[in-house]
Structure formats: C-alpha cells, structure tokens
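[1] next come a sequence and a model predicted from it.
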Amino acid sequence: MFQSLSVRNYRLFASGQLIKLIGSWMMFVAQDWLVLHLSDNNATALGIVTALQFIPAALLTLPGGRLADRYDKRVLLLVANTFWSVSALTFSVLVLSGGVQLWHIYVFALFLGTAQAIETPVRQAFVSELVGTPLLPNALSLSAATFNSARIIGPALAGLAIAAMGTGPVFLIAAVSSLSPLASVARMRPAELFRKDLLPRDERDDAAILDGLKYVWRRADLRLPVLLIGVIGMLSFNFQLTLAALAKNVFNTGAATFGLFTTALAVGALGGALAGSFRKGRPSVYLMLLASVAFSAFSVLVGVLPAYWMVIVALVPTGFFMVFFAQSANQRVQLGTEAAYRGRVMAIYVLVFLGTTPLSSPVVGWVAQRFGAGVSIWLGGALSLVTALLALTWQLRSAGERLEFQVRPVPRLTVSAVRG
C-alpha cells in the first residue's frame, strides 16, 4: 500500500503536500464561514467565492500543462507555491487586522485560484517523475490519500479552531503551512528524478496546447473519462459550497456540524483513495463507470435525508465512491498517456475537473438559497446519475458487451460479449 514512500523524493513531496493541504482545508472552512458571516448567511455569496476560486482554472490550466511539458516541473512548483504562500500570508494579516470585507475574500479567492491553476497540472504530471511508471498507480493513489487525509484533519481542526480563536488565526496557520511544499521541493535530489534531461530551450518541442486537445479527442479511452469527470464534477462536486449551507441554513447548526459533514465525506474519500493503492495497472472503464453510478446514487441520498446524523453517515460512502471514481478516471487518463503529452493531457483533465465548477457554483448557490441546500444536492446527484447511466450504456453498446450479475456461488458482476 505504501511502497512509493520508499522513494525519497516522493516521500518529501507527500509530506510537504500533507502539511500544506491540512492548512488549506482549514483555510477553506474558515473562508466559507467568514463569507456566511459577512453576507448574512447568503449561499449565493458562497457560490460566487467558489466560482472566483476556480475561474482561473478555466483560463490558465491549459497553459499550465503546456509549461509542464516544456519546462522543469520542479522549478514551476516552486514558483506557483511561492505565489500561493505570499497571497495566503497577506490575506491572513488582513483578517487578523479586523478590516476584512466580502470583496477582499473575492480577490483572495481569485489569487489562490490563479496559483492552483498553474500548480495542479504541473503537480499531477510531476508524480511520474518522482517514482517512475511501475510505481505510478500506487503513487497516484497515495497522493489522493494524502489529499483526503488532509480533508479529514483540516476541517476537524478548523471547526475547533474557529470556535476557540475565530477565523483570523486559522488563516495564519494555513499561510504558515503553505511554506512546507516549498521546503520539500527545494530538498529534492534532481538527479534521482525519473525524467530525461531537458533539451536547450531552442531545441525543445513547442508543446502546443491544440496538439494536446487533438491527442485526447482521438483517444476514446481518454475522451470518456475526461468528459464524464467534467459533467459529474460540475453537477455534484460542489460539497464545499452545499455542506456549509446544509449545516447552517437547513439544520440550523454551527461550525462544528459543518466540520463533521466535511470530515465524514473525507473519511470515506480516504477509504476510496486507499482502496485504489493496491492497483498495479490501469483501471478498467467499467470500474470507473460503476463507481460514478454509485457516487451519484449516494449524492441523491444525502440530499433527501431528514436528519443531520443520517447525512453524516451517508457522506462516508458518498466520499468513498466520489474519490474512487475520480481516482480511477485520473489513473485511466495518466496511465494511458504518453510521457511527452502528460502535462497537457493532465491539464485538460484538471480543467474539466476543476474549471467547470464556475459554470455551476453560482447556479448551485442560487438553488440552495431559493429551494434549500438539500435540493441542490439531490438534484445534482440525479442529473449525475442519468449521465453515468448514459455513459455506461454507450460504452456497452460501442464495445458490443453486456453486464451480467451472478448470484451463485459468489455474487459478482462480470462483462461479457454480446452474442450475435
């Protein structure tokens, strides 16, 4: 399960990311709570902040992937993380001073989104240079486990810290934690990276963005997971927005319950990430599709449950299948892509995974404000379920296959060819 941690560079990378992400999740919880406080519990304001945080992904992620395929990924990570740290430290000082206003949060979200738009595709493509192809499935799963461990620890700490100290100190803690990946990347040994030496600048491939788009579109095995993660991500990956509104406006509870919601989702997500760490090869398309169906169904359930403790229980399997689906799609794309295109392909994946959120966040916020957060969750889940079932049907028909469920002697689901 943890074999990639035997590689020193990956170990440094994972530890630095864990510390930063714990602080980042604390910051996101504090940010959402501060937005609700400054806007008189307006869910639409939360949607605007979420959109501003992800708008740069729509504009800068593809150029970020081009940079990853053309320049030293380690240097790019240092630059992007420095910009993130400076932005976080500046905003934490503003919050601590007591002069923060809602528009300040909008600007801060835009700055963080800019750093994330460049850093994310570079970081995704950099993992293969840390461990090499044989360990890549394990390393990708452990990276997802790192992310979701932070989602467990960060919101839980944030709920306690906000109650004890207020939002200002939480932002400061997050800003300091963001320095960790800078130190980790700086300590790596470039000679131990699994990569070819960079050619002189005038001899490098241009790494055109359009070539990356054509490459994905020509490959049906890449096109399906990219489109599926984009649609379902847009419809149902808005828990940062909807869970805050669900806790405060539907169940009339405080920051601690919001922290429990987010933690329950993250506990399941961690399980989903670790479940994929045993994988030694590329996941099948049907594993990805069935995980998307399960995630969508549980999202519907979360939106209709009448008690907050029931929601907490249901969020665990929801988180499990959310990450299991996203991770299988990620691995299917990464492990099916040639190294020369990996930065641009992962940029496309990140773009549809994160960049579609601005299209839906204001609408999701409006639905939550007008009809209730529960409606916004189950409606997104229902539309995601329809999408997943249509994708599954298309795959079966195009491949000339069918699913068969066997009850005896052991229940199992198999794929077989359709007999003419």
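    Received, thanks.

[2] what about the helices in the stretch 51-200 of the chain?
    Assigned by DSSP state H, counting those that start in this stretch, the stretch 51-200 of the chain shows helices spanning 73-97, 102-131, 136-165, 167-177, 180-187.

[3] scratch that, the stretch 251-400 of the chain
    Along the stretch 251-400 of the chain, the stretches classed as helices by DSSP H, counting those that start in this stretch are 255-275, 285-304, 308-334, 342-354, 357-371, 373-399.

[4] can you tell me which of the helices of the stretch 51-200 of the chain is nearest to A57?
    Comparison of those against A57 by CB to CB identifies helix 102-131 as nearest, at 4.7 Å. In this view, the C-beta of every residue, glycine as well, is placed from N, C-alpha and C.

[5] and the closest one with helix 167-177, angle?
    In terms of direction (axes from the mean of the first three to the mean of the last three CA atoms, to 10 degrees), helix 102-131 departs from helix 167-177 by 30 degrees.

[6] wait, a helix at V415?
    No. Read with DSSP: H, G, I helix; E, B strand; the rest coil, V415 is strand and lies in no helix.

[7] not counting sequence-adjacent ones, nearest residue to it?
    Spatial nearest neighbour of V415, excluding adjacent residues (CB to CB, 6 or more residues apart in numbering): E401 at 5.3 Å.

[8] where in the stretch 201-350 of the chain is pLDDT low?
    Within the stretch 201-350 of the chain, the segments meeting pLDDT under 70 span 201-207, 254-255, 277-279.

[9] could you check how far the nearest residue to S360 once chain neighbours are set aside is from A58?
    Spatial nearest neighbour of S360, excluding adjacent residues (CB to CB, 6+ apart): M234 at 4.6 Å. Separation of M234 from A58 (CB to CB, to the nearest Å): 12 Å.

[10] D72 now?
    If you go by CB to CB, the gap between D72 and A58 works out to 26 Å.

[11] L179 too?
    Remark: distance between L179 and A58 (CB to CB) = 28 Å.

[12] with L359 instead?
    8 Å.

[13] residues contacting the nearest residue to L18 once chain neighbours are set aside?
    Spatial nearest neighbour of L18, chain neighbours left out: T146 (5.0 Å); criterion: CB to CB, 6+ apart. Shown in contact with T146 (CB atoms under 8 Å, 6 or more residues apart in numbering): A14, Q17, L18, L21.

[14] now Q101. Its backbone dihedrals?
    Backbone torsions for Q101, taken as degrees, to the nearest 10, come to phi -120, psi 170.

[15] quick one, what contacts it?
    Here Q101 is in contact with L38 (CB under 8 Å, 6+ apart).

[16] now with 10 Å, please.
    L38, L94, V107 (CB atoms under 10 Å, 6 or more residues apart in numbering).

[17] skip the chain neighbours and tell me the closest residue to the first one.
    Nearest residue to L38 in three dimensions, chain neighbours excluded: L102, at 4.6 Å (CB to CB, 6+ apart).
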